[in-house]
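Peer 1: Next one to model:
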Amino acid sequence: MTKLELAFAEIEKLPPTEQNEFVAWILEELHSEQRWAKLFAASSDVLSNLADEALLEHKAKKTKKLDPETL
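Peer 2: All right, here's what the predicted structure looks like:
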């Protein structure tokens with residue numbers, strides 16, 4: 001028995017209302033992950049440019065160390 005089959009067997013032990021809640025939650029999580037993956041894929045150029053800019057500022061000594069105590 002696979003882990004997925006074991007999970008389904010456990011879910012089937014729940015009352016129908018809890019099964020529905022669980023299914024709604026897991027579907028929302030799956031859709032959320034898909035949305036994040038699309039957003040990150042679409043923003044890779046932007047993130048790369050921001051990283052390059054941050055590195056240039058650091059090399060130009062325009063940055064300062066963060067003190068976690070003052071954040």
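Peer 1: so where's the longest helix in this protein?
Peer 2: When the chain is parsed with DSSP state H, its longest helix is helix 16-42.
Peer 1: mean confidence for that helix?
Peer 2: Regarding helix 16-42, the rounded mean pLDDT is 92.
Peer 1: Would you mark the buried spots in it?
Peer 2: The neighbour-count check on helix 16-42 (16 or more other C-beta atoms under 10 Å) flags nothing as buried. In short, each C-beta sits where N, CA and C put it, glycine included.
Peer 1: by contact count, what packs against that helix?
Peer 2: helix 3-12 (3 or more C-beta pairs under 8 Å, 6 or more residues apart in numbering; DSSP states H and E).
Peer 1: next one: the helix it packs on to chain centre, how far?
Peer 2: Centroid displacement of helix 3-12 relative to its chain, using C-alpha atoms, centre = their mean, to the nearest Å, is 24 Å.
Peer 1: Packing partners of that helix?
Peer 2: helix 16-42.
Peer 1: what's the angle from the helix it packs on to helix 3-12?
Peer 2: If you take axes from the mean of the first three to the mean of the last three C-alpha atoms, to 10 degrees, helix 16-42 sits at 140 degrees to helix 3-12.
Peer 1: any idea of the angle whatever helix or strand comes next after helix 16-42 forms with helix 16-42?
Peer 2: Sequence order places helix 44-59 as the next helix or strand after helix 16-42, per DSSP states H and E. Orientation of helix 44-59 against helix 16-42 (the same axes, to 10 degrees) gives an angle of 60 degrees.
Peer 1: can you pull the buried residues of helix 44-59?
Peer 2: Quick answer for helix 44-59: no buried residues (16+ other C-beta under 10 Å).
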